[in-house]
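Undergrad: Please work out how this folds:
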Amino acid sequence: MIDSYHMVTIEERKFPTLLFISICYILGNWLFKSTVVDILSLFYFGYGLVLIFTYAFLYFKIKISLHTSAIGGLLGFLIYFSYHYKINLILLLSIFFLLSGLISTSRLKLQAHTIREVFLGYIIGILSQFIVYGIYYII
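TA: Model (predicted):
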């Protein structure tokens, strides 16, 4: 199914994306049932949502950067985690924001993605975490 660990073609990305969607759902569901770390389950549900969006974009022949969506999702999670528990995480958010710039630059420098793919990954990563957190409070 996969010729190279770089997963250059869109067809090579489909199976691993589906696999990780199911892993994120299983982990999120397991953590959600635990009342101690239920907010951590939103982190995995958010990543599952990112992967669903990524899988949908594959049918439009658009390859989204999973590296930037991962760091964007982590930033989104830290933002609502800070908001939810009323904790000041400005220093940690600043460090991860700089790290996201390094990751984005490396994806472009390695010519693994275009600017559009990197930007889409980052925005979808952050927005998916906010969507999941919003749904969490609607329910």
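Undergrad: Residue 124 reaches residue 72, doesn't it?
TA: Yes - the pair residue 124 and residue 72 qualifies as a contact (C-beta atoms under 8 Å) at a distance of 7.2 Å. Where you see a C-beta, it was placed from the backbone N, CA and C, and this is true even at glycine.
Undergrad: what about the residue nearest to residue 132 when sequence neighbours are not counted, how many neighbours?
TA: Using C-beta to C-beta, 6 or more residues apart in numbering and skipping the chain neighbours, the partner closest in space to residue 132 is residue 46 (4.3 Å). Residues near residue 46, counting by other C-beta atoms under 10 Å, number 27.
Undergrad: tell me the phi and psi of residue 46?
TA: When read as degrees, to the nearest 10, the backbone of residue 46 gives phi -60, psi -40.
Undergrad: Please identify which helix or strand holds residue 49.
TA: Assignment of secondary structure by DSSP states H and E places residue 49 within helix 38-58.
Undergrad: which non-adjacent residue is nearest residue 52?
TA: residue 21 is the one closest to residue 52 (C-beta to C-beta, 6+ apart), at 6.1 Å.
Undergrad: For residue 56, see how far away that neighbour is.
TA: Remark: distance between residue 21 and residue 56 (C-beta to C-beta, to the nearest Å) = 11 Å.
Undergrad: just to revisit the earlier point, give me the neighbour count for the residue nearest to residue 52.
TA: Using other C-beta under 10 Å, residue 21 has 18 neighbouring residues.
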